[in-house]
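**Student:** Requesting a structural model of the entry that follows:
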Amino acid sequence: MTVAGKSQAIASLETVRRICEHWPEMSRDEFRALLAPDCRYENVPMPHLTCTGPDQAYDFLMPFMSKWEAVDFTLPLIRGDETAVLVERVERFRKKSGDAPDVVLRSMGAFELKDGMVTHWRDYFDPRESAALAG
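**Tutor:** Numbers count the residues shown, from 1 in each chain. All right, here's what the predicted structure looks like:
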C-alpha cells in the first residue's frame, strides 16, 4: 500500500469511528458531511428499514434518542482500508425516564467509502436486542 493509500485508509477508519462513537449526538449537517448524498443505510435484520441519503438515515436514527440517551459506545474491533471498514460495536442506552433497564445492543457494521464519504452502511444485529429501543 502506498503512503497515500495508507493515509486514505486512516481517514476512512476515522470517518467510521466518528459515526459509530458519536451518531446519537451528531447534527443533520454532520451526517451530511460524512455520508454521501446517495448513501444507502440498511438495518439488515429489518430489510424494510433501508434509507437513502444522510437525511433519511438521520430521520430514522434520531427518533430513538428522544426516549434514550447514549451511555457508552465501545468498538472492540475496527479494521479496514480506504474503501471498506468493518466494525464491531457495543452500544449501551439508558431510558431518559429511568423506568427501564439499560439496553445493550451488539452489532457489526460494514461501511463502504468513496472519496472519504460513506456510500453504503449496513448494520447486522440481533433484532431481539434492539426491540427494547422501540418501546
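**Student:** name the element the one residue sitting closest to the centre of the chain belongs to?
**Tutor:** Nearest to the mean C-alpha position of the chain, by C-alpha atoms, centre = their mean, lies Cys20 at 4.6 Å. Assigned by DSSP states H and E, Cys20 belongs to helix 3-22.
**Student:** so what does the helix or strand that comes right after that helix touch, helix or strand wise?
**Tutor:** Following helix 3-22 in sequence order, the next helix or strand is helix 28-34 (DSSP H and E). For helix 28-34, the packing partners by 3 or more C-beta pairs under 8 Å, 6 or more residues apart in numbering; DSSP states H and E come out as helix 3-22, helix 54-61. Any C-beta I mention is one placed from the backbone N, CA and C, and that applies to glycine too.
**Student:** so which of these is the most packed in?
**Tutor:** helix 54-61 (a mean of 18; mean count of other C-beta atoms under 10 Å).
**Student:** Name the residues that touch it?
**Tutor:** 23-24, 26, 28, 31-32, 34-37, 39, 41, 49, 51, 121 (C-beta atoms under 8 Å, 6 or more residues apart in numbering).
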